[in-house]
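1. mind looking at a prediction? Sequence and model below.
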Amino acid sequence: MKIKHLLLGMLAMAATVACNQEEPVVTPELDLNKTTASVGAEGGSVALEVTSNVDWTASADQDWVSVDPASGKGSKDAAKVTVSVEPNESEEARTATVTVAAEKLTKTLKITQAGVTSQEPEPEPEPEVAWSMMGCFVDNQWASDVPMTKEGEWIVAKGAQFTELTFKIRGNASWDDATNIGYAPGRRRDL
């Protein structure tokens, strides 16, 4: 019986010693691979890596930003997190903060998103002008329009024969846009 009591006493002592041993203390660690990110007005995503040896959670302070996954287990390997940013329809830039917490530690990612660029409407293209020339071509009589075509930088009237160098250049066969050009006979003048 003494042996039995002795064995029970040793067993009780061993259990007491085992219970008194403390588990190793883990010092929490937390790190992010970036602290800032920029996103265009069209929105998009930011790849974030969270490294922590303890469990962590992540959240955004704006509803136009979401985090996936929003939590993770402690590991020596970095966890890949996708931060999604919705399109910004305003012309104003905006910011959001993603906060990652692991026990008492926190790290943040600040996101800046551009606003929509105001686009001026494209101006209406000017209508193509059909230039023509009207003048004293034969026997001092005003003839009908002679069509003119653009050749490089010049607007040319081919086939016009003058007896006098007095003529008008018209746009779209209208006198509203007419330009008077006159030459005295026998004199040359370049336009």
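-> Structure received.
2. can you give me the helices for the protein?
-> All helices of the chain, identified by DSSP state H, fall at 2-20.
3. where does pLDDT dip in the protein?
-> Counting by pLDDT under 70, the chain contains low-confidence residues at 1-23, 129-147, 155-191.
4. apply 80 and report the result again.
-> Along the chain, segments meeting pLDDT under 80 span 1-24, 118-123, 125-191.
5. outline the domain layout of it.
-> With domains defined by automatic domain parsing, the chain comprises 30-113, 131-183.
6. list the contacts for Thr106?
-> Going by Cβ atoms under 8 Å, 6 or more residues apart in numbering, Thr106 touches Leu30, Thr99, Val100. Where C-beta positions appear, they are placed from N, C-alpha and C, glycine not excepted.
7. one more time with 7 Å, if that's ok
-> Residues near Thr106 by Cβ atoms under 7 Å, 6 or more residues apart in numbering: Thr99, Val100.
8. ok, Lys110 next?
-> By Cβ under 7 Å, 6+ apart, Lys110 lies in contact with Thr35, Thr36, Thr95, Thr97.
9. using a markdown table, lay out those together with neighbour count and distance to Pro127.
-> Below are these laid out as a markdown table (neighbours: other Cβ atoms under 10 Å; distance: Cβ to Cβ, whole Å):
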| residue | neighbour count | distance to Pro127 |
| --- | --- | --- |
| Thr35 | 9 | 56 |
| Thr36 | 11 | 51 |
| Thr95 | 12 | 47 |
| Thr97 | 13 | 54 |
